[in-house]
Structures are given as C-alpha cells and as structure tokens.
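here are the coordinates; sequence isn't available:
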Ligand code: AMP
Ligand code: MN
Ligand code: MN
Ligand code: MN
C-alpha cells in the first residue's frame, strides 16, 4: 500500500476552521497516513494534533508556515519536522505574532475609516488561537455582508492597495530558514507558483533560499494547477531541491480543497520524505485529483 502524505495544513491554531484533533481525524478518514500541521507563525496546535494522531494511527509531522518578506513580496516558508521546543524558533515566531497583532489593529483602524466599525473585535470573534490573520477579517466582513464570498472579500478589501491591506515586514528569508534549521527541520518554499513571480525573480528566490540552507520546493500544492506542478518539478530538478506536497487545507468551507487531495507528484521529483530517517517507504501516493477548478476559486494574483 502506498503511503499518503499531506505536508501542508491549517487548524484553528491559525486560520483553519477545524481544531487540530478534528483535522487529524478528517485526514485519517481521507486516507492520509502522514500529515504535517503547518499553522501560520505558530505551533500551538501540535500538541493536540499529536495526541489525536496517536489515537487514530496517523503520523504527525510538526510544522509551521512562516511569513517572510522577500524583495517586497510576501513568501511563505514551511518548516517540517520541527523541534517545537527550540527557543530560537519560538522567539522568531513570537516576533511575527507581535507584528500580526499590530497589523490587526491597523487593519481595524483602516476599515473604521472606510465606515466599517468593529472589525478588529469582529475578526477576533472568528479567531480561537493566538494569531489574527486576514482570513479572520475576511470571515467577519463576509458575515457582515460587505462581500459575497471569501474570494471577493480579499479582492475588495484585503489585498494590495485595498482599504484593509496593511503593508509591513515579515521575517527575512535567511532568518526563517535559519530558525527552521536550528530547530532541526527542513525548509520548504510553500506553493511557489502562487506568488506569480517572473522566471527571473523565481530563480533569484530559489537561489537565495538554497544559499540560506533551504532544501525543499512544494512542487505539489492543492492550489497548484497541473501546469504549475510540471513547472515547479523542473525548478526542483534544476536546483537539486527535494519535492514536497500538501493540500494547504483550511477547512470544509473551501469545498474545492480536501485533505490528501492534490495533483500527482511528477516522477522526476525526489520526495522530501525519502530523507526522513523513519520513512517506511518511498512510494508515491496514488492520486486523486488534477487540481483543476482551483484557478477559478482562488484569486491567484494575490500572494498568500
Ligand atoms: P495573512 O497571513 O494574515 O496575511 O493571511 C494570509 C491568508 O489569507 C492565507 O494563508 C490564506 O489562507 C488567506 N488568503 C489569502 N488570499 C486569499 C484569497 N484570495 N482567498 C481566500 N483566502 C485567501
Ligand atoms: Mn492561511
Ligand atoms: Mn498554508
Ligand atoms: Mn501560504
């Protein structure tokens, strides 16, 4: 039996809507054998996910998705197999959460000026963890009828040059990769096709990432089209990077995404799990879906 890997997912500890335990149970139900919980800038969900994973017989990989600013673009770097007790990692994540807190207040102020009052408190009501994300504001704004759905609310309020968008600096790339490596993990460029970088800029990003000690490209993502996957597989090969795969699941509301469901990893790729000491097998998962339909659903001009 092939082992099914999903190495990118979110829980209520960040901007997902399932608790860590519910997420693990759903993953198991969907046939996932190895799941990475990779909440944004926080590892609070890992303990609960681990307990649930033991109960349902699934292997849980401790991860996080770290927000990075690189040449004016927000990039997400996933860390896999983290020692979540590592002080340097936790100090880095704490800095990002402090920025998030200020940013959330600023988003609230900017929306207030546009006549939308109570957005900060409203977003908090959708948030059960310690990070406030644009997703929580989006849910509040949709609930209040300011936009029809999650895609529209981002386009209308929460992306570049929109009233609820606050520019700012996340972690430098070298710092994020450094924290991950110091905590014994592997650094992954998350959903590389979603930043819409030119080929020149993507090469520059990958070269800098490799120079900092980054090892993995998320070739397969729930938000990548089949063409994106082929393109990213070529970059992985060219730069000698390992390949990761993850759904980037946030909850059942995103009906076009499912845990464990993503395009097939191309045969030219070397999966990241082949380097894991306790990997049981290197077989690639069977699949499942082509990733089509996501392009229409996701506002791809937006960095996420
Ligand atoms: P933040 O890290 O707080 O800036 O929020 C980024 C999160 O917003 C991403 O992780 C996605 O979950 C979500 N997001 C960004 N753009 C979109 C979009 N166009 N539609 C739906 N969700 C989005
Ligand atoms: Mn998210
Ligand atoms: Mn994610
Ligand atoms: Mn992301």
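Arrived safely, thanks for sending. Note that the structure is predicted; figures quoted are calculated from it, not measured. Ligands and ions are numbered 1, 2, ... in the order given.

switch to C-alpha atoms for all contacts and neighbour counts from now on
Noted.

Next, work out how far apart residue 3 and residue 223 are.
21 Å (CA to CA, to the nearest Å).

Tell me which of those two has more neighbours.
Neighbour comparison, residue 3 and residue 223: the larger count goes to residue 223, with 28 against 16 (by other CA atoms under 10 Å).

Would you agree the more buried one is in contact with residue 191?
Yes. The pair residue 223 and residue 191 qualifies as a contact (CA atoms under 8 Å) at a distance of 7.1 Å.

Quick check: closest non-adjacent residue to whichever residue of the stretch 51-200 of the chain sits closest to ligand 1.
Using CA to the nearest ligand atom, the single residue of the stretch 51-200 of the chain nearest to ligand 1 is residue 133, 3.2 Å away. Once flanking residues are discounted, residue 133 sits nearest to residue 15: 6.5 Å by CA to CA, 6 or more residues apart in numbering.

Quickly find the element holding the one you found.
Using DSSP states H and E, residue 15 sits in no helix or strand.

Could I get the contacting residues of it?
By CA atoms under 8 Å, 6 or more residues apart in numbering, the contact set of residue 15 is 39-40, 127, 131-133, 135-136, 250.

Among those residues, name the ones in helices.
Those of these mapping onto helices are 135-136, per DSSP state H.

Report whether stretch 3-10 contacts ligand 1.
No. Stretch 3-10 lies out of reach of ligand 1 by CA under 6 Å from any ligand atom, never closer than 8.6 Å.

ok, and what's touching that stretch?
Under CA under 8 Å, 6+ apart, the answer for stretch 3-10 is 16-17, 31-40, 61, 78, 80, 244-251, 259-260, 281, 283-286.

mind checking pLDDT for residue 277?
At residue 277, the model reports a pLDDT of 81.

no wait, residue 281
Value for residue 281, per-residue pLDDT: 44.

need the helices for this protein, in chain order.
Going by DSSP H, the chain shows helices at 20-29, 46-56, 87-113, 119-125, 134-143, 150-153, 173-182, 199-211, 226-239, 294-297.

The third one to helix 173-182, inter-axis angle?
It refers to helix 87-113. Orientation check (axes from the mean of the first three to the mean of the last three CA atoms, to 10 degrees): helix 87-113 against helix 173-182 gives 140 degrees.

buried sites along stretch 213-223?
214-223 (16 or more other CA atoms under 10 Å).

If you could redo that for stretch 238-249, that was the one I meant.
Within stretch 238-249, the residues that count as buried by 16+ other CA under 10 Å are 241-249.

Quick check: mean pLDDT of it?
Here the average pLDDT along stretch 238-249 is 98.

Check stretch 198-213 too.
98.

what sits up against it?
70, 173-174, 177-178, 181, 187, 215, 239.

who's in contact with residue 106?
Counted by CA under 8 Å, 6+ apart, residue 106 has contacts residue 166.

what about the strands in the stretch 201-304 of the chain?
Taking DSSP state E, counting those that start in this stretch as the criterion, the stretch 201-304 of the chain contains strands spanning 216-221, 242-246.

mind checking which of the ones you listed is nearest residue 53?
Closest approach to residue 53 among those (CA to CA): strand 242-246, 17.4 Å.

Now do the closest one: which elements does it pack against?
When contacts are defined as 3 or more CA pairs under 8 Å, 6 or more residues apart in numbering; DSSP states H and E, strand 242-246 packs onto strand 5-6, strand 216-221, helix 226-239.

rerun that using 7 Å as the cut-off
Applying 3 or more CA pairs under 7 Å, 6 or more residues apart in numbering; DSSP states H and E, one finds that strand 242-246 makes contact with strand 216-221.

For the strand it packs on, name the packing helices and strands.
Using 3+ CA pairs under 7 Å, 6+ apart, strand 216-221 sits against strand 186-189, helix 226-239, strand 242-246.

Mind doing that once more with 10 Å?
The contact analysis (3 or more CA pairs under 10 Å, 6 or more residues apart in numbering; DSSP states H and E) places strand 216-221 against strand 73-80, strand 186-189, helix 199-211, helix 226-239, strand 242-246.

So residue 76 sits against residue 172, correct?
No. Taking contacts as CA atoms under 10 Å, residue 76 lies outside contact range of residue 172: 11.0 Å.
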